[in-house]
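Novice: Sequence first, then the predicted structure, then my questions.
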Amino acid sequence: MKMTKNEHGARALRPLVALLLAMVLAGCDNGMSISEIEAKERASRLYTTAMEDLQAGRTDPAIRGFEQVLVQEPRNYLAHFQLATLLQDIKKDYIGAISHYKSYLLFRPTSDKATIASDRMRVCDTLLGAEYLRKAGGKATEKLSDENAKIAGEAKMLREQVKKLEGQLAQAQAQVDRLNEANGRYRRQLAGLGAEAETGSPRKHLTKNALAELKDMEGERQRRRLRPTDAELLDDDAPPEDRSRIAAELKREKEAMARDEAEDGKAKPAQKAAGTVASTSSMPAVKGKEGQSGGAFDSFWSKEGQQKKSADRPETYVVQQGDTLSKISRRFYGTPAKWRAIREANKAVIPFDGRVSVGMEIRLP
């Protein structure tokens, strides 16, 4: 069937009419603010009907109503925003919601709802990713489950360890409390003994065990004071590599002292015999403290003899080759037992082990 010239002309004019209509519609929006344009969109009959359904709680009719608005009024971008929120909140259709949010932002980038649309679109992206992960399942889900189980097991083990450590801490605290209590008891007992020693009235209710412990402690203290151990004679500040050397020198010093004491012991009987002979023959008798006569021994230990001996002894001495404290003590005091007194009088120059060096000047107490 052939078309007439008029029909051909009408068909040719249709695209032109549509273009002119679009230009007219676009020209109508020119010069209007966004709020004025959206007010015009809200005034649409189809938009008003869809909003009435939405406000009444009829979500499905509201969704169909906004879709009808977009079919007949594709430039109603406010309908895009309303439809996107319904698809996101009611239908959980995040893909559809993202599509309508993008359409709204494309033509309304500066509206007051643009920020809201952008934030809600990001929420849709997050929820959509979580839904994909949940639907994917398979190995990824199994791996996550295994890791969660492993973490839960480690957390349980740590809780058990913490509980065990708390128990040990409680036991240690109880032991500390018991020791503090015993320490306080012993302190009170010592204080009581000190008070009784001053008054001369011992407490009868002290237990035998406590007295025995105190007696042992006092005996140990006296033993260490009268005869120090090698460790106490060593210099504690010396480096570890010097400890063995100092100990060896201390051992040699003690052996030299022992030999000197042995020689001194051998010489004493002869001196005693000679003193006896002299006292019975030619030496004059000297009155003792009690008025009794004595020999040369009494004269030596008398006050005058001690003053004379101190006057003959120099105040200082320079150490010579081969000297030791015991030899110096025997030389100036007649006995090697005075070596410790010489060391104590020269703490600034003589170390704890009693070593002396050639040229060292020491004071003779």
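Specialist: Yep, that arrived.

Novice: what's the domain layout of this structure?
Specialist: By the assignment in automatic domain parsing, the chain contains the domains 31-136, 153-226, 240-280+309-363.

Novice: quick one: contacts for Asn76?
Specialist: Applying Cβ atoms under 8 Å, 6 or more residues apart in numbering to Asn76 gives the contacts 41, 44, 47, 69-70. Placement of C-beta: from N, CA and C, glycine included.

Novice: just checking, Glu131 touches Tyr94?
Specialist: Yes - with contact defined as Cβ atoms under 8 Å, Glu131 and Tyr94 form a contacting pair (7.3 Å).

Novice: With neighbour numbers in mind, choose between the two.
Specialist: Neighbours were counted for Glu131 and for Tyr94 using other Cβ atoms under 10 Å; Tyr94 has more, 21 against 12.

Novice: ok, the more buried one - contacts?
Specialist: Shown in contact with Tyr94 (Cβ under 8 Å, 6+ apart): 87-88, 124-125, 127-128, 131.

Novice: can you put those in CSV and add secondary structure, distance to Glu36 and pLDDT?
Specialist: Listed next are these as CSV, based on DSSP: H, G, I helix; E, B strand; the rest coil; distance: Cβ to Cβ, whole Å; pLDDT from 0 to 100:
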residue, secondary structure, distance to Glu36, pLDDT
Leu87, helix, 27, 95
Gln88, helix, 28, 94
Cys124, helix, 29, 94
Asp125, helix, 32, 92
Leu127, helix, 35, 92
Leu128, helix, 35, 89
Glu131, helix, 39, 82
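
Novice: Now render the residues you listed as TSV, adding distance to Ile328.
Specialist: TSV is the format used below for these (distance: Cβ to Cβ, whole Å):
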residue	distance to Ile328
Leu87	109
Gln88	104
Cys124	101
Asp125	97
Leu127	98
Leu128	99
Glu131	99
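
Novice: Give me the buried subset of those.
Specialist: Among these, those classed as buried by 16 or more other Cβ atoms under 10 Å are 87-88, 124, 128.

Novice: For these, work out which two are farthest apart.
Specialist: Leu87 and Leu128 (12.0 Å; Cβ to Cβ).

Novice: what ranges of this protein fall below the confidence cut-off?
Specialist: Applying pLDDT under 70 to the chain flags residues 1-30, 137-141, 194, 196-211, 220-250, 253, 260-261, 264-311.

Novice: what are the ranges of the strands in it?
Specialist: Taking DSSP state E as the test, the strands found in the chain are 286-287, 293-294, 316-318, 361-363.

Novice: can you tell me which helix in the chain is longest?
Specialist: Across the chain, the longest stretch assigned as helix under DSSP state H is helix 138-199.

Novice: Give me the helices and strands touching it, please.
Specialist: Judged by 3 or more Cβ pairs under 8 Å, 6 or more residues apart in numbering; DSSP states H and E, the packing partners of helix 138-199 are helix 208-226.

Novice: ok, 10 Å please
Specialist: Applying 3 or more Cβ pairs under 10 Å, 6 or more residues apart in numbering; DSSP states H and E, we find helix 138-199 packed against helix 114-136, helix 208-226.

Novice: Would you convert those helices into JSON lines that also reports distance to Glu315?
Specialist: As requested, these are arranged in JSON lines below (distance: least, Cβ to Cβ, whole Å):
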{"stretch": "helix 114-136", "distance to Glu315": "97"}
{"stretch": "helix 208-226", "distance to Glu315": "28"}
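
Novice: Can you say which of the ones you listed is packed in most?
Specialist: helix 114-136 (a mean of 13; mean count of other Cβ atoms under 10 Å).

Novice: Kindly export it (C-alpha atoms) in CSV.
Specialist: The C-alpha coordinates for helix 114-136 follow below in CSV (Å, rounded to 0.1, in the frame of the first residue of the first chain):
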residue,chain,number,x,y,z
ALA,A,114,22.7,15.0,46.8
THR,A,115,24.8,14.3,49.9
ILE,A,116,22.1,12.0,51.3
ALA,A,117,21.9,10.2,47.9
SER,A,118,25.8,9.7,47.9
ASP,A,119,25.9,8.4,51.4
ARG,A,120,23.0,5.9,50.8
MET,A,121,24.6,4.7,47.6
ARG,A,122,27.8,3.9,49.5
VAL,A,123,25.8,1.9,52.0
CYS,A,124,24.2,0.0,49.2
ASP,A,125,27.6,-0.9,47.8
THR,A,126,28.7,-2.2,51.2
LEU,A,127,25.5,-4.2,51.7
LEU,A,128,25.7,-5.6,48.2
GLY,A,129,29.3,-6.8,48.8
ALA,A,130,28.3,-8.5,52.0
GLU,A,131,25.4,-10.2,50.2
TYR,A,132,27.7,-11.4,47.4
LEU,A,133,30.1,-12.9,50.0
ARG,A,134,27.3,-14.6,51.9
LYS,A,135,25.8,-16.1,48.7
ALA,A,136,29.2,-17.1,47.4
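
Novice: pretty sure Val71 contacts Leu83?
Specialist: No - using Cβ atoms under 10 Å, Val71 makes no contact with Leu83, being 11.6 Å away.

Novice: neighbour-wise, which of the two wins?
Specialist: Leu83 (25 against 9).

Novice: Next up, the contacts around the more buried one.
Specialist: By Cβ atoms under 10 Å, 6 or more residues apart in numbering, the residues touching Leu83 are 50, 62-63, 65-67, 69-70, 96-97, 99-101, 103-104.

Novice: about what we covered before: can I get the domains of the chain in a markdown table with distance to Ser145?
Specialist: As requested, these are exported to a markdown table (distance: least, Cβ to Cβ, whole Å):
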| stretch | distance to Ser145 |
| --- | --- |
| domain 31-136 | 13 |
| domain 153-226 | 13 |
| domain 240-280+309-363 | 58 |
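
Novice: Show me which of these has the highest average neighbour count.
Specialist: Most buried among the domains of the chain, counting by mean count of other Cβ under 10 Å: domain 31-136, with a mean of 16.
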